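1. Prediction below, plus the sequence it came from.
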Amino acid sequence: MPDELTLRKLFPNLEDGLYEELLQYGNVRSFAAGSVILKKGHPIRSTMMVIEGVVKLYQDDDEGDEFFVYHLEPGQACALSMVCNFGHEKSEAMAKALTDVVVLSVPLQYMEKWLGQYKSWHYFVIKTYRSRYNDLLQTVNEIAFRNMDERLEFYLLKQVKQFGNHVKLTHQEIANDLNSSREVISRLMKKMEKNGWISIHRNSFEWLRK
């Protein structure tokens, strides 16, 4: 169970009373790496605030193809669940724990109550929306204006920034996130390896480019 000091470090600038209510009414949930946290089509009754680990949000279709949406790290909350909460809607995306994850799950009724009670919560929700909107614009820009070489480089750099120079990802997982094929990704990564940008290992890669 996170304490108030942990919440203050991860989610600064909230009012004192709000930290107390988060601890009182929030539910701490733990997920092992690889666990599905949220399934498409399921009703959302709470939003998650990440305490530990990394959560991946993605969409899939009827054929099993995936498309990466965004990551959630400690100190961040899920904008998708906030939007669905207010409309009492079902999820349009999937969420999976990339690492062992601990989240604080906040029930819908308290989210709505705090919007009117705490100005800092209102600002936090708006900031979360804005951050995810910027991620969406970035994704649209990648798809519309970048070729696959550039999209792959940008994607790999984001993984390196998040997980360090040695990243555990298979070519198939990368292909799923970029809505491409494993063959295309493998070919492009071998090209990057030949140019000295990366070193490819079994089910992982190491970033070498300065």
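-> In hand now; what should we look at? Numbering: from 1, shown residues only.

2. what's the neighbour count on Ser186?
-> A count of nearby residues for Ser186, using other Cβ atoms under 10 Å, gives 16. Where C-beta positions appear, they are placed from N, C-alpha and C, glycine not excepted.

3. Excluding chain neighbours, what is closest to it?
-> His171 (4.8 Å; Cβ to Cβ, 6 or more residues apart in numbering).

4. do the same with Met48
-> Using Cβ to Cβ, 6+ apart, the closest residue to Met48 is Val103 (4.2 Å).

5. Show me the contact partners of the helix or strand that neighbour falls within.
-> Element membership of Val103, judged by DSSP states H and E, is strand 101-107. Here strand 101-107 makes contact (Cβ atoms under 8 Å, 6 or more residues apart in numbering) with 2, 7, 22, 25-31, 33, 35, 37, 45-55.

6. Okay, now the sheet partners of it, with direction.
-> Paired neighbours of strand 101-107 in the sheet (DSSP bridges): strand 27-31 (antiparallel), strand 46-52 (antiparallel).

7. in it, what counts as buried?
-> Val101, Val102, Val103, Leu104, Ser105, Val106 (16 or more other Cβ atoms under 10 Å).

8. Could you do stretch 121-135 as well?
-> Neighbour counts over stretch 121-135 (16+ other Cβ under 10 Å) mark Trp121, Phe124, Val125, Thr128, Arg132 as buried.

9. hmm, back to that, which one of the buried residues of strand 101-107 is nearest Ala79?
-> Val106 (13.3 Å; Cβ to Cβ).

10. in this protein, which ranges drop under the pLDDT threshold?
-> 61-64, 84-89 (pLDDT under 70).

11. can you tell me which helix in it is longest?
-> Looking only at the chain and at elements set by DSSP state H, the helix with the highest residue count is helix 119-145.

12. elements contacting that helix?
-> The contact analysis (3 or more Cβ pairs under 8 Å, 6 or more residues apart in numbering; DSSP states H and E) places helix 119-145 against strand 66-72, helix 79-87, helix 108-117, helix 148-163.

13. Now do the helix or strand hosting Ile185 against helix 148-163, angle only.
-> In this assignment (DSSP H and E), Ile185 forms part of helix 182-194. In this structure, helix 182-194 runs at an angle of 70 degrees to helix 148-163, with axes from the mean of the first three to the mean of the last three Cα atoms, to 10 degrees as the basis.

14. Can you point out the buried residues in helix 182-194?
-> Ile185, Ser186, Leu188, Met189, Met192.

15. With respect to Phe67, which of those is nearest?
-> Set against Phe67, the nearest of those by Cβ to Cβ is Ile185 (14.1 Å).

16. who touches that closest one in this structure?
-> Leu152, His171, Gln172, Ile174, Ala175, Leu178.

17. which of those residues are buried?
-> With burial judged by 16+ other Cβ under 10 Å, the buried subset of the contacts of Ile185 is Leu152, His171, Ile174, Ala175, Leu178.
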